[in-house]
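Undergrad: here is a sequence with its predicted model. Questions after.
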Protein chains: 2
Amino acid sequence: MFTLDHLGIVVRSLEDAVPIFCTLTGVCPEDVEFHEVESEGVRIAMLKGNIVIELLEPTRGGTGIANFLEKRGGGFHHWCFEAHAGASARLAELKSQGMQVLTDEPWQGAEGLVFFVHPKSAGGILTEFVEKSPERD
Amino acid sequence: MFTLDHLGIVVRSLEDAVPIFCTLTGVCPEDVEFHEVESEGVRIAMLKGNIVIELLEPTRGGTGIANFLEKRGGGFHHWCFEAHAGASARLAELKSQGMQVLTDEPWQGAEGLVFFVHPKSAGGILTEFVEKSPERD
């Protein structure tokens, strides 16, 4: 049993995209949470249902998100699964199964320890895993 | 509160893709369900977690799935939300909100009444809605 935690979707403008995704999902605009992660050059809008939809707007060029927007015009960017057994254990397991992980260790993200599997070994899809910090659950 | 029902992912070959997605999700290969929808020219593998991952392999050319594979090399194809208030009511509501629906009425799919919103009005993402048939819930 897996748990999809969130889907990351790249958009050109949160201002334009949030009303559209609110209409599609039925989420009230006032329930959308906004964050900015300056170090990663991204503004994020979060719509919460049985999973979280993360709308990602690049705030500067040269980042993975900005390049994705330029190349693909936006759309599905990545998905993130919960690492139920812990991020370090899951990373080691996936590596031993031949998956190409982007870093040798998980790192601290906004919601807990995270790591990524390269799309090349993950069916073409950038795949994140998160071990949620207890205080965030 | 929305419910994402499933994600549709186009792959070139289920034989190659299923082991990869089983590794990523931890789903046992023997728990994967296979279907073929001849009328739509697609073979489907379903991996069940808190949402369903539908891996879609085209069985002939000229379909939307086949064209997507040719153009994009596979990857995220569509997402599907539950139409909690019923498919007909949700379709009418979305249409009145300016969304471009692909058909004027929902039709009977494998899991219940379904309809689609065109990517052009849905943030670039082909969006399906399903009203699950009671016997399937």
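TA: Looks like it arrived, so ask away.
Undergrad: what parts of chain A come near chain B?
TA: Applying CB under 8 Å from any CB of the partner chain, we find that chain A lies next to chain B at A:1-4, A:7, A:9, A:11, A:17, A:20-21, A:23-27, A:47-51, A:73-76, A:79, A:81, A:94, A:97-99, A:117, A:121-125, A:127. The way it works is simple: take the backbone N, C-alpha and C, and place the C-beta from them, glycine included.
Undergrad: can you go through these and name the buried ones?
TA: Listed as buried from those are A:2-4, A:7, A:9, A:11, A:17, A:20-21, A:23-27, A:47, A:51, A:74-76, A:79, A:81, A:94, A:99, A:117, A:121-125, A:127; burial here means 16 or more other CB atoms under 10 Å in any protein chain shown.
Undergrad: re earlier: which members of the residues of chain A next to chain B occur in helices, if any?
TA: In helices, judged by DSSP state H, the following of the residues of chain A next to chain B are found: A:17, A:20-21, A:23-25, A:94.
Undergrad: nearest to chain B among the residues you listed?
TA: The closest of these to chain B turns out to be residue A:25 (CB to the nearest CB; 4.0 Å).
Undergrad: tell me which element residue A:15 falls in.
TA: helix A:14-25 (DSSP states H and E).
Undergrad: OK, contacts around residue A:109?
TA: residue A:130 (CB atoms under 8 Å, 6 or more residues apart in numbering or on different chains).
Undergrad: quick one on the thing from earlier: make TSV from the ones in helices among the residues of chain A next to chain B and add pLDDT and distance to residue A:37 to it.
TA: What follows is these, written out as TSV (pLDDT from 0 to 100; distance: CB to CB, whole Å):
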residue	pLDDT	distance to residue A:37
A:17	98	17
A:20	97	22
A:21	98	19
A:23	97	26
A:24	97	24
A:25	98	22
A:94	97	25
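Undergrad: before we move on, back to that, what is the helix holding residue A:15 packed up against?
TA: Judged by 3 or more CB pairs under 8 Å, 6 or more residues apart in numbering or on different chains; DSSP states H and E, helix A:14-25 is in contact with strand A:42-48, strand A:52-58.
Undergrad: partners of the last one in the sheet?
TA: Here strand A:52-58 is paired, per DSSP bridges, with strand A:4-10 (parallel), strand A:42-48 (antiparallel).
Undergrad: quick check: angle from the last one to helix A:14-25?
TA: Computed by axes from the mean of the first three to the mean of the last three CA atoms, to 10 degrees, the angle separating strand A:42-48 from helix A:14-25 equals 20 degrees.
Undergrad: what residues does strand A:42-48 touch?
TA: Against strand A:42-48 from outside (CB under 8 Å, 6+ apart): A:6, A:14, A:17-18, A:21-22, A:25, A:27, A:31-37, A:52-59, A:63, A:65, B:1-2.
Undergrad: the closest residue to residue A:49 other than its chain neighbours: what's it in contact with?
TA: Among residues not flanking residue A:49 along the chain, residue B:2 sits closest, at 3.6 Å (CB to CB, 6 or more residues apart in numbering or on different chains). Neighbour list for residue B:2: A:25-27, A:47, A:49-50, B:81-82 [criterion: CB under 8 Å, 6+ apart].
Undergrad: can you tell me how far residue B:2 is from residue B:20?
TA: Relative to residue B:20, residue B:2 is positioned 28 Å away (CB to CB, to the nearest Å).
Undergrad: ditto for residue A:81
TA: Distance from residue A:81 to residue B:20, by CB to CB: 14 Å.
Undergrad: if we can go back for a sec, and the helices and strands packed on helix A:14-25, which is most packed in?
TA: strand A:52-58 (a mean of 22; mean count of other CB atoms under 10 Å in any protein chain shown).
Undergrad: export that strand as CSV, just CAs?
TA: C-alpha atoms of strand A:52-58 as CSV (Å, rounded to 0.1, in the frame of the first residue of the first chain):
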residue,chain,number,x,y,z
VAL,A,52,-2.0,17.8,-1.9
ILE,A,53,-1.8,19.6,-5.2
GLU,A,54,1.3,21.8,-5.3
LEU,A,55,1.2,24.5,-7.9
LEU,A,56,4.8,25.7,-8.6
GLU,A,57,5.6,29.1,-10.2
PRO,A,58,9.2,29.8,-10.9
